[in-house]
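[1] coordinates only, no sequence provided:
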């Protein structure tokens, strides 16, 4: 069954790229249910797929040369998770933003729920601040850390026995619960490898120290932080989770000044596990939930 779900999503991305070349996106309905729900990083917090379909021609006009690389894709039960890097040139106006002529590279993490051979729900988290900075709509990271363009090379998933796959998922969920929610520092050293790479968070050290840095950044911004995992899936040596964290925005966070407001920030992350430790990490979150400027362009 897992291969069927992955094949469906590979067809989805193939049809999306074909639509970008031809302008005809109607074949996407062969893989998406008519009432499919789309949750997209603040821009589309929850809407039917038909609403998104209406926006695709606008995004195509703004980014006509868009190309996508699916870096990895895993599935379990009725869920499929993937990471995609889009590259395009901003050649047309979009959502009030005039063409800049700039090259834009954006990484996204997705999770899809499949039922009866159709996508019935899709969650999208993308690097909104990175895109805004590339388009000149937001200042550079005040910390001075530069984010290199994502490497679009596919990530090779390594097959694992089912017991190992289950253990890997339990490891990631335990890390999030103990380290993030319960503040158990020893869990970081126990579950994160010294060489663990944080792909989507610029300026972090390797390994457990880098995870501590990212957690400290969250806690400075949200001292009363609480994370909830809504879905988790694993295949081979990869694990993906989706959920949200809640807290009061009382300190600076990724260049955004504190607002004092309660915030609910959705996220999707992915982990590679080897030797009973996390060795790679990817994460995207809904930064628009913290920003007064919500109508900004996104790639799909």
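    Nice, thanks for sending it over. Owing to the predicted nature of the structure, the values given are computational and were not obtained by experimental measurement. Numbers count the residues shown, from 1 in each chain.
[2] where does pLDDT dip in the stretch 1-150 of the chain?
    Applying pLDDT under 70 to the stretch 1-150 of the chain picks out residues 1, 42-47, 138-150.
[3] can you give me the helices for it?
    Shown for the stretch 1-150 of the chain, the helices assigned by DSSP state H, counting those that start in this stretch span residues 2-22, 49-62, 128-134.
[4] mind checking the end-to-end distance for stretch 69-87?
    9 Å (CA to CA, to the nearest Å).
[5] for the residue lying closest to residue 226 once chain neighbours are set aside, what are its contacts?
    In space, and not counting its chain neighbours, residue 226 is closest to residue 246: 5.3 Å by CB to CB, 6 or more residues apart in numbering. (C-beta placed from N, C-alpha, C; glycine too.) Contacts here follow CB atoms under 8 Å, 6 or more residues apart in numbering; on that basis residue 246 touches 225-226, 228, 262-265.
[6] reduced to three states, what does residue 246 come out as?
    strand (DSSP: H, G, I helix; E, B strand; the rest coil).
[7] which residues does it bridge with?
    residue 226, residue 264 (DSSP bridges).
[8] and the pLDDT at residue 198?
    Note for residue 198: predicted pLDDT of 86.
[9] tell me how many other residues surround it.
    19 (other CB atoms under 10 Å).
[10] list phi and psi for it.
    Per-residue torsions, residue 198: phi -100, psi 100 (degrees, to the nearest 10).
[11] what's the distance between it and residue 272?
    Using CB to CB, to the nearest Å, we find residue 198 at a distance of 12 Å from residue 272.
[12] which residues do these two both contact?
    Counting by CB under 8 Å, 6+ apart, the residues touching both residue 198 and residue 272 are residue 281.
[13] who touches the residue nearest the centre of the chain in this structure?
    The centroid of the chain falls nearest to residue 109 when counting by CA atoms, centre = their mean (2.9 Å). Shown in contact with residue 109 (CB under 8 Å, 6+ apart): 81-83, 124-126, 240, 268-270, 282-284.
[14] of the residues you listed, which belong to strands?
    If you go by DSSP state E, the contacts of residue 109 have 81-83, 124-126, 240, 268-270, 282-284 in strands.
[15] which among the residues you listed gets closest to residue 232?
    residue 240 (7.1 Å; CB to CB).
[16] surely the closest one meets residue 74?
    Yes. Between residue 240 and residue 74 a contact is recorded at 6.4 Å, counting by CB atoms under 8 Å.
[17] mind checking how far stretch 271-287 is from the chain centre?
    12 Å (CA atoms, centre = their mean, to the nearest Å).
[18] end to end, how far does that stretch reach?
    20 Å.
[19] ok, now which ones touch the spatially closest residue to residue 49 that is not a sequence neighbour?
    Nearest residue to residue 49, sequence neighbours excluded (CB to CB, 6+ apart): residue 36, at 4.0 Å. By CB under 8 Å, 6+ apart, the contact list for residue 36 reads 48-49, 118-122.
[20] separation between residue 36 and residue 91?
    29 Å.
[21] relative to residue 120, how far out is the residue nearest to residue 49?
    Taken as CB to CB, the span from residue 36 to residue 120 is 5 Å.
[22] and residue 165, by the same measure?
    Distance from residue 165 to residue 120, by CB to CB: 24 Å.
[23] ok, residue 57 next?
    For residue 57 relative to residue 120 (CB to CB), the value is 24 Å.
[24] then residue 50?
    Residue 50 is 14 Å from residue 120, by CB to CB.
[25] quickly find the element holding the closest residue to residue 191 other than its chain neighbours.
    Of all residues not flanking residue 191 in the chain, residue 175 sits nearest, at 4.5 Å (CB to CB, 6+ apart). Assigned by DSSP states H and E, residue 175 belongs to helix 162-175.
[26] can you list the helices and strands that that helix packs against?
    When contacts are defined as 3 or more CB pairs under 8 Å, 6 or more residues apart in numbering; DSSP states H and E, helix 162-175 packs onto helix 186-191, strand 226-235, strand 238-248, strand 262-274, strand 277-285.
[27] could you redo the last one with a cut-off of 7 Å?
    Counting by 3 or more CB pairs under 7 Å, 6 or more residues apart in numbering; DSSP states H and E, the packing neighbours recorded for helix 162-175 are helix 186-191, strand 226-235, strand 238-248, strand 262-274.
[28] how about the ones you listed in CSV, adding mean pLDDT and distance to residue 218?
    Shown next, in CSV, are the helices and strands packed on helix 162-175 (pLDDT from 0 to 100; distance: least, CB to CB, whole Å):
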stretch, mean pLDDT, distance to residue 218
helix 186-191, 94, 13
strand 226-235, 96, 9
strand 238-248, 95, 7
strand 262-274, 93, 9
